[in-house]
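Novice: quick one: sequence and predicted model below, then my questions.
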Amino acid sequence: MKRLLLSAVCIIFLTMPAVLHAQEKALLGKSNFALKLDYIVFTDSIFDSPLAEDDGVYVGIEGYGKISPNLYIGGEIGQGTNVDILGDEIDFFPVELNLKYAIETASNFVVDFGAGVSYSYTEVSHQGFFGPIETIDDWVWGGQLFGDLTYKINWFSIGLNAKYQFTEDFKDADAGLSNWRAGIQIGAVF
């Protein structure tokens with residue numbers, strides 16, 4: 001009986017690291033959410049003019065759920081805006097569906113990278129000197145490639161993010177709102 005008990009205890013101690021390691025595999029939890037504050041720059045050649053303001057601020061919310069130990073599916077919604085002193089304004093509202101892969105690089109540090117599709121509402125307003133405000137708006141398809149570096153402290157997370165998003169052109173204009181974004185994020189891991 002003592003031999004059986006000793007064997008059972010040994011088996012438990014030998015398999016415990018494997019069980020704990022399997023639990024750690026969900027690097028960003030079963031689900032995770034973050035609030036992003038980014039710098040956004042629109043890359044279309046229409047913004048090459050010295051008078052055109054091509055950068056601004058982006059605020060977004062993202063959420064992801066685990067579909068395998070390192071693979072997550074989720075999305076992001078947000079708003080990017082730039083305001084030019086000459087009266088030009090861009091409002092950009094992306095709705096994204098993404099897939100990302102996470103890797104632990106050091107204790108509590110997780111790097112993830114991914115890609116996805118987007119459908120974005122865009123509105124561009126232009127006011128010439130003493131003229132009326134001209135506005136064009138459209139829903140445009142696009143896609144994105146991105147990467148994040150996240151530091152986890154229990155359920156809290158903080159990190160850096162970078163993304164390049166490409167979009168199709170407006171329906172009545174030869175310009176798109178492809179952009180890159182970089183910034184910080186804070187969130188929760190469950």
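Specialist: Perfect, thanks for sending it. Numbers count the residues shown, from 1 in each chain.

Novice: and residue 62, how far from residue 70?
Specialist: Between residue 62 and residue 70 the computed distance is 17 Å (CB to CB, to the nearest Å). Backbone N, C-alpha and C define where each C-beta goes, glycine included.

Novice: if you could redo that for residue 187, that was the one I meant.
Specialist: In terms of CB to CB, residue 187 sits 18 Å off from residue 70.

Novice: those two: who's more crowded?
Specialist: Per other CB atoms under 10 Å, whichever of residue 187 and residue 70 has more neighbours is residue 187, with 21 against 17.

Novice: checking the more buried one next. Helix, strand or coil?
Specialist: Using DSSP: H, G, I helix; E, B strand; the rest coil, the three-state assignment for residue 187 comes out as strand.

Novice: what's across from it in the sheet?
Specialist: In this structure, residue 187 has beta-bridge partners residue 34, residue 157, where bridges are defined by DSSP bridges.

Novice: which other helices and strands does the longest strand seen in the chain contact?
Specialist: Scanning the chain for the strand with the most residues, using DSSP state E, yields strand 133-153. Contact analysis of strand 133-153 by 3 or more CB pairs under 8 Å, 6 or more residues apart in numbering; DSSP states H and E lists strand 89-106, strand 109-127, strand 156-167, strand 179-189 as its packing neighbours.

Novice: out of those strands, nearest to residue 133?
Specialist: strand 109-127 (4.6 Å; CB to CB).

Novice: which parts of the closest one are buried?
Specialist: 110-112, 114, 116, 118, 120, 122, 124-126 (16 or more other CB atoms under 10 Å).

Novice: can you put these in JSON lines and add pLDDT?
Specialist: Formatted as JSON lines, these follow (pLDDT from 0 to 100):
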{"residue": "110", "pLDDT": "97"}
{"residue": "111", "pLDDT": "98"}
{"residue": "112", "pLDDT": "97"}
{"residue": "114", "pLDDT": "98"}
{"residue": "116", "pLDDT": "98"}
{"residue": "118", "pLDDT": "98"}
{"residue": "120", "pLDDT": "96"}
{"residue": "122", "pLDDT": "90"}
{"residue": "124", "pLDDT": "82"}
{"residue": "125", "pLDDT": "82"}
{"residue": "126", "pLDDT": "75"}
